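A.B. asks: Need the 3D shape of this:
(chains A and B)
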Amino acid sequence: MKKLDLRLWRMIKQSKGQFFSIAAVIILGLAIYVSFSMTAINLENTKNYYYEITNFGDILVQLVRIPKGAVEDLRKIDGVEMVQGRVSFQVPFRVQDPREKVTVKIVSIPQTPEQIFSLYMLEGAPLRNDLKSTVVLEQFSDARGIRIGDKISPYINGRAHPLEVVGIAASSEHVYLMENEQALLPAPEKFGVLYVSEDFAQSAYGYRDSYNEVLVRVKDLDQIDEIADKLEDRLDKYGVKRVIKRDDQLSNRMLSEEISQLQKTSSAIPLLFLIVASIVIVIMLSRIVKNDRTVIGVLKAMGYGNGEILLHYTKYALAIGAFGSLIGILAGIQLSGMLANMYIQYYNIPILRQDIYYIYMVYAILLTSVFCIVSGLLAAKSVLKIMPADSMRPEAPKTGKRVFLEKVKFIWGPLTFSWKMVIRNVARGKKRFAFLILGLALTYGINVVPVYMFEGMISMFELQYGDFQRMDYTIEFSRPMHKRAVGEIKQLIEVQHMEPKLEIPFELKQGWRKKVVTIIGLPRDTKLYAFKDKAGNAISLPENGILLTEGLAKALNVSIGDQILIKNYLPGKSDVNVEVKGIIRQYLGINAYMNIEAMDGQLAEKGMITGVSFLSRDQVREKLTNVKNISAIQSITDMKNSFMQFLDSVIVSTTVMMLFGGILGFAIVYNSTIISIAERQMEFSSLRVLGFDKRDIVKMITKENGLMTIIAIILGIPVGWAMCNGISEAFNTDLYTFPVIITPATYLYAAVGTILFVGIAQLATIRKIYHLNFIDALKNRVS
Amino acid sequence: MNRKVLMRVENVSKTYKMGEVTVNALQNASFELYEGEFAVILGPSGSGKSTLLNILGGMDLPTEGKVFVNGKEITQYNDRQLTIYRRDQVGFVFQFYNLMGNLTARENVELATEICENALDIDEVMEQVGLGERKDHFPAQMSGGEQQRVAIARAVAKNPLVLLCDEPTGALDFKTGIMILSLLDKINKQYNKTILIITHNAAIGDMAHRVIKMRSGNIIEIKENTNPIPPERIEW
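C.D. replies: Numbers count the residues shown, from 1 in each chain, chains lettered A, B, ... in the order given. A predicted model of the protein is given here:
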């Protein structure tokens, strides 16, 4: 080894703490980068492979009724690869606890050798072609403890149909199982899927030789829009309710969005970490170079050139980068395996295609090298200015100047001597001070984000259920009813207030833009929905016309006053043009709202409703359990409970993220304090001679760090705000709007977190102050 | 005596700013240094001797005047050329040794020889300076005299044209100082190396072939010593 490299190696050994604390930041950043990137691509491949082997359906058409023969005809459409009809309906599922309302979707599976959405059998045998067997979707069987051989009885048309569980399977159609788009989270114990033979489904539901859903697989995904349009035309006479393309399929969309978010996160977070690491490297190396002034002079006197000396110090940064990359990449590979397994479990994907993508390692190394080289050169560039002869002379004392604050008498006057010194010290190293503040402000910002996300989740929930929707319960009917049903339910339970509702999915069109959404019809004077616009002003439901949610208005590119076309699938009903009367803010789901009186007249049958919402303190579930035609009872309390469960997992990830931010803060403060102590040995020693004791010096450093932390937190507030905005922008989808509501509490919690980590770093350096040999420091000027 | 000129200093002046004051460190200095001679520049602190040494060693540039080494004008050299000059033709010995604290004695010498072309055998040089046994010690484990011997070995092992020594005994006690001077004397004779010492200690002048006296940036006298005494007999 070259002797200069040997010197570097020993230098690193002497400053292990600093070396490892910076490396830790790089390790974290790269571990996140490598693992997230690889997990994202592995998940994407797994998804595609899973979809391929299970024949993922590209288009699903829901319709009133279509005869078998008509489905066969669809094969002739250009570009169609496979067509399959099926019967699918949701029915109540009786469980032991009568208060619990469980719904299952019964789906028929044809006896063809190949099926669209073919099941991935996990246990037991494939479905038999009889009237007594069923295969249960894994999530549901897991959540309800259903085992092979169990007898289960869904209620179909008011009658129990006993079925024997012969198998348990996963389905690519339901990697993310949600009852509908309004559901906040999957609740596999409340909603499941049972696969049955075609014969059983058709006879039980009264669909002999016909279906209510058509699945299509296309040859070329680029043609999916044309084919969907053709299907819609051809099937119009069979009462098309909804055409769902692959990209709009709920389960696929949730999974795909998760993957793309993972991809976005995989580059943003590591970049932040590398920036912080670079800042710390610059601070630390500049200090080393400054301290090595004489050494650099001697090296130059010996005949070492500027380039060699520059490289010598840059190598320190590179060593940190190399070590950080190595460990970070190894950790990233490990983590990627764990993450991928976690994801496929969460998304109920039974297979995992996993490869190691070396390209991310190459990127990681390149990126780290660039950051380290740049920060190394930036820190060591002062080497160039050192003349060998000058460096032998003791450095001229820094010009002592009055700081600006001293002119502000009413602030400066009352300050104690030690505070005056603290402020002068801080003002003296302006560049270092600026770097430090920047680093700490970033740390603070990183701490704000998880707190904000945690609080954002809660506020999103509270805004949706409490502020916007105010009912205690909603009931969905299993088929449309007349509004007389409202009176009938009121006789069964005690309610404070009840409103009918009419929910039907339609395709909304404006120019070439279109979107299938559920239009909800409500009484004009609804007390259970509080519509508000973007600015938070209350809006009432217009007599005619329609209210759109923000996301929907954006997707259709419409504003207030525009006309939109509602395509009506219902047989015998024609398409209707309506005016957009308002754009409302809704955090979960996308919907359109109309006055129920206008809606049933124009779009459906007069007096038709599909459910009710109400306020009640009665034992709703018990009393309505055996009531016919109710497919689901949803209570806000249930949703709150499942939301609380979900929050538990959010708490874990919040903590992890804060810990990441904390490691950054630690690295910054630990390094800068160590540097500051080394840099000011002489000063501290002189203070000791003057009669200051070690504790006074610790106090002084604490005051300096405290002052910087406070300034950094103040500057970090806009940084955090910007980060949260970015996050919310990245997380906003059609399905939900993540509100940017950052409360003072968020800033406060983040500040507490930051101060805590700064404090820990400070504690780690106290030992160094106590071990400082003050006498030696005074005697020896030369290193 | 037919002496070959190794270095020629022509009307060299140096002014520099220290804070807000301009210092005339060197004014119109001219002299010659001959090959194989043992010369001493003598003067009190602030006389400009260090400045002169730095300019000779290619560590600093004069404000005015020229310096020739083996006929080549080094005061015309650019940064890169000066670096090569320092690398191959000059060996420095400093008052405070300036060894790398985290390298052993031998490694400190290697640090210097690694980059030059006709370096001497390190172990032999270490032997010569009397450090054969202590090669693997770190500076902190050595006495001042030992450290200075490492510094001399470091300068000599490069096999330079000239050894420039800046107060080499300044930080040492009398006995150790004499030992270092004897070592330098030995190197001058054994390797026929040109040695230039700067010091404020007039006694050291007694062992030199020539003494160049300086005061306030000016050379005031150049004295030939027809009969230099061995360093062991010097006293101060």
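A.B. asks: Name the single longest helix found in chain B.
C.D. replies: For chain B, the helix that runs over the most residues, judged by DSSP state H, is helix B:174-190.
A.B. asks: And it, what does it pack against?
C.D. replies: Other helices and strands packing on helix B:174-190, by 3 or more C-beta pairs under 8 Å, 6 or more residues apart in numbering or on different chains; DSSP states H and E, are strand B:38-42, helix B:122-128, helix B:144-157, strand B:162-166, strand B:194-199. Every C-beta, even on glycine, is put in place using the N, C-alpha and C of the backbone.
A.B. asks: hey, which helix is longest across chain A?
C.D. replies: Per DSSP H, chain A has its longest helix at helix A:636-679.
A.B. asks: Need the three-state assignment for A:S631.
C.D. replies: strand (DSSP: H, G, I helix; E, B strand; the rest coil).
A.B. asks: For the nearest residue to it once chain neighbours are set aside, which residues are in contact?
C.D. replies: Distances taken as C-beta to C-beta, 6 or more residues apart in numbering or on different chains place A:S478 nearest to A:S631, at 3.9 Å, with adjacent residues excluded. Each residue near A:S478 by C-beta atoms under 8 Å, 6 or more residues apart in numbering or on different chains is listed here: A:Q90, A:V91, A:N629, A:I630, A:S631.
A.B. asks: same thing but at 7 Å, please
C.D. replies: A:S478 sits next to A:N629, A:I630, A:S631 when contact means C-beta atoms under 7 Å, 6 or more residues apart in numbering or on different chains.
A.B. asks: chain center to the longest helix of chain A: distance?
C.D. replies: Distance of helix A:636-679 from the chain centroid (C-alpha atoms, centre = their mean, to the nearest Å) equals 16 Å.
A.B. asks: And stretch A:349-363, by the same measure?
C.D. replies: Taking C-alpha atoms, centre = their mean, one finds stretch A:349-363 lying 21 Å from the centre of the chain it belongs to.
A.B. asks: Could you report the distance from the residue positioned nearest the centre of chain B to chain A?
C.D. replies: Residue closest to the mean C-alpha point of chain B, counted by C-alpha atoms, centre = their mean, is B:L164 at 1.4 Å. Separation of B:L164 from chain A (C-beta to the nearest C-beta, to the nearest Å) stands at 9 Å.
A.B. asks: Contacts only, for the residue lying closest to that residue once chain neighbours are set aside.
C.D. replies: In space, and not counting its chain neighbours, B:L164 is closest to B:G57: 4.9 Å by C-beta to C-beta, 6+ apart. Contact analysis of B:G57 by C-beta under 7 Å, 6+ apart lists A:A301, B:R86, B:V90, B:F92, B:L164.
A.B. asks: of these, closest to B:I152?
C.D. replies: B:F92 (10.2 Å; C-beta to C-beta).
A.B. asks: Pretty sure the closest one sits against B:L164.
C.D. replies: Yes: using C-beta atoms under 7 Å as the test, B:F92 is close enough to B:L164 to be in contact (5.4 Å).
A.B. asks: Tell me which residues touch A:G720, please.
C.D. replies: A:Y444, A:G445, A:V448, A:V449, A:A750.
A.B. asks: closest to A:K699 among these?
C.D. replies: Checking these against A:K699 by C-beta to C-beta gives A:Y444 as the nearest, at 23.6 Å.
A.B. asks: My read is that that closest one contacts A:I755, right?
C.D. replies: No: here A:Y444 lies out of contact with A:I755, judged by C-beta under 7 Å, at a distance of 9.5 Å.
A.B. asks: Which of the two has more residues huddled nearby?
C.D. replies: Between A:Y444 and A:I755, A:Y444 has the larger neighbour count (other C-beta atoms under 10 Å in any protein chain shown), namely 30 against 19.
A.B. asks: Buried residues in whichever helix or strand the more buried one is part of, which are they?
C.D. replies: Using DSSP states H and E, A:Y444 maps to helix A:430-464. Burial within helix A:430-464, assessed by neighbour count using 16 or more other C-beta atoms under 10 Å in any protein chain shown, is assigned to A:432-433, A:435-457, A:459-461, A:463-464.
A.B. asks: Same check on stretch A:161-171?
C.D. replies: By 16+ other C-beta under 10 Å, the buried positions in stretch A:161-171 come out as A:H161, A:L163, A:V165, A:V166, A:G167, A:I168, A:A169, A:A170, A:S171.
A.B. asks: which of those sit farthest apart?
C.D. replies: Farthest pair in the buried residues of stretch A:161-171, by C-beta to C-beta: A:H161 and A:A170, 23.9 Å.
A.B. asks: ok, which residues in chain B are in contact with chain A?
C.D. replies: Contact residues (C-beta under 7 Å from any C-beta of the partner chain) of chain B with chain A: B:18-19, B:54, B:57, B:59-60, B:80, B:83-84, B:86-88, B:92, B:96, B:98, B:100-103, B:107, B:110-112, B:114-116.
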